[in-house]
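>>> generate coordinates for the sequence data below:
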Amino acid sequence: MIRVILFDLLLFGVCGYAFLRGTKDARIIGAVCIVANFASFALRGPAATSYGSVQWGVMAVDLFTLAAFTWVALTSERFWPLWVSGLQLTTSFGHFLKGMDTDLVPIAYAAALRFWSYPILIILAVGVWRSHKRQRRDALPAA
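Numbering: from 1, shown residues only. Below you'll find the predicted structure:
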């Protein structure tokens with residue numbers, strides 16, 4: 001339970017920062033992260049705690065998230081959204097691996113789905129911080 005609380009604090013903190021200080025790209029990625037978090041929670045199957053089978057609802061959410069992140073990465077002037085999209089692709093492959101090998105250890109499947117959310121949020125936070133820093137620097141009058 002503490003893991004969920006810590007993740008939610010990180011999620012809302014980083015996404016709130018993206019909404020306040022971020023560019024359009026950061027706000028879109030932040031919104032997708034929040035929607036995907038709640039949609040994944042709502043669409044988890046009954047075996048969600050055991051990860052013994054493919055989580056089809058979560059897979060659909062992850063594929064939508066991948067599509068949204070990829071769209072942002074392809075239209076952005078910055079490089080960091082490409083990293084976010086690539087990490088989401090890694091998450092999405094976890095579903096396909098479980099589908100191909102149903103004997104895949106459930107903890108490996110769970111880790112594949114959960115792990116990359118943390119680096120995605122960290123990259124979002126760093127991208128917003130650097131963008132905000134760049135905007136403040138460019139707003140200074142030339143000496």
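>>> okay, buried residues for the host helix or strand of residue 34 please.
In this structure, residue 34 sits in helix 24-43 according to DSSP states H and E. Buried positions in helix 24-43, judged by neighbour count with 16 or more other C-beta atoms under 10 Å: 25-30, 32-34, 36-37, 39-40. (Glycine included, C-beta is placed from N, CA and C.)
>>> with stretch 89-97 instead?
So stretch 89-97, judged by 16+ other C-beta under 10 Å, has buried residues 91, 92, 94, 95.
>>> residue contacts, the last one?
Put plainly, it is residue 95. By C-beta atoms under 8 Å, 6 or more residues apart in numbering, residue 95 lies in contact with 54, 55, 58, 59, 62, 113.
>>> switch the cut-off to 7 Å
54, 59, 62 (C-beta atoms under 7 Å, 6 or more residues apart in numbering).
>>> which stretches of this structure form helices?
Along the chain, counting by DSSP state H, helices occupy 2-21, 24-43, 56-75, 80-100, 106-114, 117-139.
>>> mean pLDDT for the ones you listed: which is lowest?
Lowest mean pLDDT within those: helix 106-114, a mean of 84.
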